[in-house]
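**Student:** Structure, please.
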Amino acid sequence: MERPIVMSTIKRAPRELGPTGRPFPRLAEPRHVDRHGPARVIALCNQKGGVGKTTTTINLGAALADFGRRVLLVDFDPQGALSVGLGVNPMELDRTIYNALMERKVTVDDVLLKTNLPGMDLVPSNIDLSAAEVQLVGEVAREQTLKRILEPVLGDYDVVLIDCQPSLGLLTINALTASHGVIVPLECEFFALRGVALLIQTIDKVKERLNPQLELEGILATMYDGRTLHGREVLARVVEAFGDKVFHTVVNRTVRFPETTVAGEPITTFAPSSAGADAYRDLAREVVARCLAG
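**Tutor:** As a prediction, this is how the structure comes out:
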């Protein structure tokens, strides 16, 4: 006599809702790769300052390097904050990204610096870069200059992260033209939210006129304080406006990040068990799954 088929009644536990109000995805640990390149170029961009662009560039890069990816960080801000955040004194540099942009005989390899983290390199910057915005105006294909100098090294890396200056000027247009995607760090504060529409318009114009492959990879909520109604409301509005383009990972406000700047190292090595380090590891998992898969 055949036994009746019994349907399983095992119920899976519902996935926990993350701070964005959506179920946090179960992401596997990124597998290590045997071969590297060609790199996906990602600009970290927001015309508002103080929203966590540099912090995200450093710590996302470090987390990706920990997962076995070869990472190149490009400091494309004349303030040189990315360089300082990795323990480099910009004023002591003989050559920077400015020289690679403006001098035909200088390549990215000539200005590249090794960081203390295996697998992560830096192209530094200092105040000299501010002159490039004026000098590039008279150049032929001026928007393509950064793309031209990065192309020879893309085969050596899995991802290139460009830390943009807080403006929508010619340097930022160069970064967007050189990139495959954009990550927008967004402080969970009302005035930071107001400028996102203008940034999205700029991304769309660059995509239409200069770089058809440019995509918005995602919006990252930073400096989040879930204890405040204002922070929760702003995050809810971002998710409502941009939906799945908002990363599930949210970076909370913490004193650890200023401390890492003073130490000149990523939070993943300065405070590896901290909530901030965990957040950027989660972000790296999302970036690998969303932007670097395949």
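
**Student:** what ranges do the strands span in this structure?
**Tutor:** Assigned by DSSP state E, the strands in the chain fall at 40-44, 71-76, 113-114, 120-123, 159-164, 181-187, 215-224, 246-252.

**Student:** Kindly calculate the angle that the top helix by length along the chain makes with strand 181-187.
**Tutor:** Identified as the longest helix of the chain according to DSSP state H is helix 275-291. Per axes from the mean of the first three to the mean of the last three CA atoms, to 10 degrees, the angle that helix 275-291 makes with strand 181-187 is 150 degrees.

**Student:** buried sites along helix 275-291?
**Tutor:** 276-277, 279-288, 290-291 (16 or more other CB atoms under 10 Å). All C-beta spots, glycine's among them, are computed from the backbone N, C-alpha and C.

**Student:** try stretch 257-277
**Tutor:** 257, 260-261, 264-268, 270-271, 274, 276-277.

**Student:** what's next to that stretch, contact-wise?
**Tutor:** 52, 55, 58-59, 61-63, 66, 84-88, 116-117, 251-252, 254, 256, 280-281 (CB atoms under 8 Å, 6 or more residues apart in numbering).

**Student:** try it again with 10 Å
**Tutor:** 52, 54-56, 58-63, 65-66, 81, 83-89, 115-117, 120, 222-223, 251-256, 278-281, 284 (CB atoms under 10 Å, 6 or more residues apart in numbering).

**Student:** send the alpha carbons of that stretch over as CSV?
**Tutor:** Below are the C-alpha coordinates for stretch 257-277, written out as CSV (Å, rounded to 0.1, in the frame of the first residue of the first chain):
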residue,chain,number,x,y,z
PHE,A,257,35.1,57.2,12.5
PRO,A,258,36.9,60.5,13.5
GLU,A,259,39.2,58.3,15.6
THR,A,260,40.2,56.3,12.6
THR,A,261,41.1,59.5,10.6
VAL,A,262,43.5,60.5,13.4
ALA,A,263,45.0,57.0,13.3
GLY,A,264,45.2,57.0,9.5
GLU,A,265,43.7,53.6,9.0
PRO,A,266,40.4,52.0,8.1
ILE,A,267,37.9,51.1,10.9
THR,A,268,38.2,47.4,9.8
THR,A,269,41.7,47.4,11.2
PHE,A,270,41.4,50.1,13.9
ALA,A,271,38.3,48.7,15.5
PRO,A,272,37.6,45.4,13.7
SER,A,273,34.8,44.3,16.1
SER,A,274,33.0,47.7,16.1
ALA,A,275,29.5,48.2,14.7
GLY,A,276,31.0,50.6,12.1
ALA,A,277,33.4,47.9,10.9
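
**Student:** Please renumber the chain so that the first residue is 52 from this point on.
**Tutor:** With 52 as the first residue, the last one maps to stretch 308-328.

**Student:** quick one: Leu219 from Thr253, how far?
**Tutor:** Between Leu219 and Thr253 the computed distance is 5 Å (CB to CB, to the nearest Å).

**Student:** which one of these two has more residues nearby?
**Tutor:** Between Leu219 and Thr253, Leu219 has the larger neighbour count (other CB atoms under 10 Å), namely 21 against 17.

**Student:** Do you know the pLDDT at the more buried one?
**Tutor:** Looking at Leu219, its pLDDT stands at 87.

**Student:** Quick one: residues contacting it.
**Tutor:** Neighbouring residues of Leu219 by CB under 10 Å, 6+ apart: Cys96, Asn97, Gln98, Leu227, Gly246, Leu249, Leu250, Gln252, Thr253, Ile254, Lys256, Val257.

**Student:** between the residues you listed, which is closest to Thr196?
**Tutor:** Using CB to CB, Leu227 comes nearest to Thr196 of the contacts of Leu219, at 12.6 Å.

**Student:** Hmm, the closest one is touching Glu194, no?
**Tutor:** Yes - counting by CB atoms under 10 Å, Leu227 touches Glu194, with 8.6 Å between them.

**Student:** Can you pull the residues that touch both of the two?
**Tutor:** Val257, Leu261, Asn262.

**Student:** Need the pLDDT of the second one.
**Tutor:** By that I understand Leu261. 95.

**Student:** do Glu184 as well
**Tutor:** 87.

**Student:** swap in Arg54?
**Tutor:** For Arg54, the model assigns a pLDDT of 49.

**Student:** same deal with Arg86?
**Tutor:** Arg86 is assigned 84 on the pLDDT scale.

**Student:** mind listing the helices in the stretch 152-301 of the chain by residue range?
**Tutor:** Secondary structure of the stretch 152-301 of the chain by DSSP state H, counting those that start in this stretch: the helices cover 159-162, 180-186, 196-201, 221-229, 241-245, 247-260, 280-293.
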